[in-house]
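Asker: pasting the structure only:
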C-alpha cells in the first residue's frame, strides 16, 4: 500500500484511506451470521431467527462497528508504513467522492515532534545541599515529646500561661448578634500554639479558673470563615479549667516508648538523625530535580502536539473534579472548570515528558532492575517491616511503573548535573523544609 502523507501545518498531517466496499460488506455479513447463532428475539427459538430479521434489527450497529474497526486498522497500517509517531486520536471523515467500489476517508492527526536538546554545558542549575545538625534533632525531639505530653490541673488561683491547656466557654457577637460557629462550651486549646486567633489567646493568657472576660476581636480579611472574614466582633470567654503541660524526659523510657531498638538517649538521637537524613535526601532530590527539569525545558526546542496537551488538560480537570468529590462538594463531577485553568501546567507537563523521553532514548538512561530494587529498598527502610513493603511494591505492576518513572527522572537529573554548570548552594535544615512546603 502506498501511503501519501500531506503536511497541513507544523505537526498536523493528513492521510487518505480507501477501503473496498466488498470487504466491508463481507465482514458485516460474517458478524451478522455469528450474531444470529446466539441472538434472542420474541417469537423465535434461540439460533433460529431469520437472517433478514437479524439484519433489520442489528444491521446498522454492526455496519458502524465494522466501519470503525476497518478504518482504524487501515489508519494504523498506513501510519506504521509511513513510520509516523501519532499523537492522540485521528479525526476521520468520509469523503464525498470515492473511486468506484471503494469508500475513501480523510484522517487528520498530529505527530509527535522532533525534539532538539541544545548543548547542556551552557545550562546553569542551582543545586542545594543541607546537613542534619543537632538543632534539627532537638526540634524533632521536642515534637515527639509534645505528642506524648500529659496535663495536670493547676491550682484554683493559678493564671493561664503559654503551654497550658485551658477549657473555656465562649460566645462571639457581631453588631450585637450571635453568628454561626461563634459559640462553644467546654472547648479546649493549648495557649500559645496558634490554634486560636492571637487576640483570643492574649485575652485568655493571665486569666484564672472561673474568670470571665469580654474583649474585641478582629477577624482577618483572609479568615477561612467567609461570613465573618474582615469583620469586628466582641467575645465573652469564661475559663473553666487550667491544666499545666508536662513533657516526658529525654531518657531510656522515652526511647523505649518510641520503639527504638537501641533504647538509649544516644540510640534515640541516632534514629532521629537517620530518619531526618532520609527525609532531607528525598527533599533535596525533589528540589534539585525540579531545577534540572527547568533547565532541560529551557534548553529544548520543540512544537507541542495539541492533542497531547488537550488530553493532559482533560485528565487534570477530571482529577480536580475527583478531589472536589472527595471533599463532599455536590455535583462535583459536573463542576464547570475551564481548560485555561490547567493549560499552562498541561503544556509544561507535555513538553517536559517529550524532552525527558528524548534524553532517555538518546543517552540510554532507562531504569535498570537493580536501580528499581535499590529505590524500593530505600523507600521501605523507614517502615517497621521493610520486607513487607518491598513485597507490596513488587506485587503490583502499576506501583513498579511509578517507581521506574522516578528512577528514570533520577537518572536524567544525574545526567544533566554531570553536563551543566552547577552552582552549589548550602541551606539550613529549616530553610529546606520551608522551601519544600512553599513548593
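Answerer: Structure's in. What do you need? The structure displayed is predicted, hence computed values, not measured ones.
Asker: Which elements pack onto the strand or helix carrying residue 60?
Answerer: Assigned by DSSP states H and E, residue 60 belongs to helix 51-81. Applying 3 or more CB pairs under 8 Å, 6 or more residues apart in numbering; DSSP states H and E, we find helix 51-81 packed against strand 12-20, helix 21-36, strand 86-94, strand 102-111. Placement of C-beta: from N, CA and C, glycine included.
Asker: among those, which is nearest residue 201?
Answerer: Comparing the helices and strands packed on helix 51-81 against residue 201 with CB to CB, the closest turns out to be strand 86-94 (56.2 Å).
Asker: and that closest one with strand 12-20, angle?
Answerer: 50 degrees (axes from the mean of the first three to the mean of the last three CA atoms, to 10 degrees).
Asker: Identify the residues contacting strand 86-94?
Answerer: 11, 17, 71, 75, 79, 103-112, 305, 307-308, 310-311 (CB atoms under 8 Å, 6 or more residues apart in numbering).
Asker: list the buried ones in that strand?
Answerer: Going by neighbour count (16 or more other CB atoms under 10 Å), the buried part of strand 86-94 is 86, 87, 88, 90, 92.
Asker: where are the low-confidence patches of the chain?
Answerer: 1-3, 436-439 (pLDDT under 70).
Asker: give me that answer again for 50
Answerer: 1, 437-439 (pLDDT under 50).
Asker: Show me where it has its helices.
Answerer: 21-36, 51-81, 134-147, 198-204, 252-257, 265-298, 306-326, 343-363, 369-380, 386-394, 397-419, 429-438 (DSSP state H).
Asker: Redo those helices as CSV? Include mean neighbour count and distance to residue 189.
Answerer: Below are those laid out as CSV (neighbours: other CB atoms under 10 Å; distance: least, CB to CB, whole Å):
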stretch, mean neighbour count, distance to residue 189
helix 21-36, 15, 70
helix 51-81, 15, 64
helix 134-147, 14, 14
helix 198-204, 17, 8
helix 252-257, 15, 25
helix 265-298, 17, 28
helix 306-326, 16, 28
helix 343-363, 16, 38
helix 369-380, 15, 37
helix 386-394, 14, 37
helix 397-419, 16, 40
helix 429-438, 14, 23
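Asker: Any idea which of those gets closest to residue 221?
Answerer: Once the helices of the chain are compared by CB to CB, helix 198-204 is nearest, at 14.8 Å.
Asker: Give me the helices and strands touching the closest one, please.
Answerer: Judged by 3+ CB pairs under 8 Å, 6+ apart, the packing partners of helix 198-204 are strand 165-174, strand 212-218, strand 232-246.
Asker: Make TSV from the ones you listed and add distance to residue 288 and mean neighbour count to it.
Answerer: Formatted as TSV, these follow (distance: least, CB to CB, whole Å; neighbours: other CB atoms under 10 Å):
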stretch	distance to residue 288	mean neighbour count
strand 165-174	42	18
strand 212-218	43	14
strand 232-246	40	17
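Asker: want to throw those into TSV with distance to residue 53?
Answerer: Shown next, in TSV, are the helices and strands packed on helix 198-204 (distance: least, CB to CB, whole Å):
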stretch	distance to residue 53
strand 165-174	75
strand 212-218	79
strand 232-246	77
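Asker: for the nearest residue to residue 185 once chain neighbours are set aside, what are its contacts?
Answerer: Spatial nearest neighbour of residue 185, excluding adjacent residues (CB to CB, 6 or more residues apart in numbering): residue 169 at 4.8 Å. The contact partners of residue 169, by CB under 8 Å, 6+ apart, come to 184, 185, 186, 187, 237, 238, 240.
Asker: what bridges to residue 169?
Answerer: Using DSSP bridges, the bridge partners assigned to residue 169 are residue 238.
Asker: give me every residue that touches the residue nearest to residue 270 when sequence neighbours are not counted.
Answerer: Distance criterion CB to CB, 6+ apart; nearest residue to residue 270, sequence neighbours excluded, is residue 262 at 7.4 Å. With contacts defined as CB under 8 Å, 6+ apart, residue 262 is in contact with 255, 270, 271.
Asker: what distance separates stretch 180-197 from the centre of its chain?
Answerer: Relative to the centre of its chain, stretch 180-197 is centred 33 Å away, using CA atoms, centre = their mean, to the nearest Å.
Asker: same question, stretch 133-152
Answerer: Taking CA atoms, centre = their mean, one finds stretch 133-152 lying 31 Å from the centre of the chain it belongs to.
Asker: can you list contacts of that stretch?
Answerer: Contacts for stretch 133-152 (CB under 8 Å, 6+ apart): 165, 243-248, 250, 254, 257-258, 268-269, 272-273, 276, 429-430.
Asker: can you rerun that using 7 Å?
Answerer: 165, 243-248, 250, 257-258, 269, 272-273, 276, 429 (CB atoms under 7 Å, 6 or more residues apart in numbering).
Asker: Likewise for stretch 378-398?
Answerer: Contacts with stretch 378-398, where a contact means CB under 7 Å, 6+ apart, come from 275, 278, 376, 377, 399, 400, 403.
Asker: picking that back up, now render the helices of the chain as a markdown table, adding distance to residue 192.
Answerer: Formatted as a markdown table, the helices of the chain follow (distance: least, CB to CB, whole Å):
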| stretch | distance to residue 192 |
| --- | --- |
| helix 21-36 | 76 |
| helix 51-81 | 67 |
| helix 134-147 | 12 |
| helix 198-204 | 7 |
| helix 252-257 | 23 |
| helix 265-298 | 24 |
| helix 306-326 | 33 |
| helix 343-363 | 39 |
| helix 369-380 | 37 |
| helix 386-394 | 38 |
| helix 397-419 | 40 |
| helix 429-438 | 20 |
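Asker: quick one: which of those is nearest residue 174?
Answerer: So among the helices of the chain, helix 198-204 is nearest, using CB to CB, at 14.4 Å.
Asker: contacts for the closest one?
Answerer: Contact partners of helix 198-204, identified using CB under 7 Å, 6+ apart, comprise 160, 166, 168, 191, 192, 213, 215, 217, 218, 235, 237, 239.
Asker: repeat that with 6 Å
Answerer: Residues from elsewhere that reach helix 198-204, judged by CB atoms under 6 Å, 6 or more residues apart in numbering: 160, 166, 191, 213, 215, 217.
Asker: of the helices and strands packed on helix 198-204, which approaches residue 116 most closely?
Answerer: Of all those, strand 212-218 comes closest under CB to CB, at 57.1 Å.
Asker: before we move on, back to that, for the contacts of residue 169, work out which two are farthest apart.
Answerer: Farthest pair in the contacts of residue 169, by CB to CB: 186 and 237, 12.6 Å.
Asker: so what sits against both of these two?
Answerer: With contacts taken as CB under 6 Å, 6+ apart, not a single residue reaches both residue 186 and residue 237.
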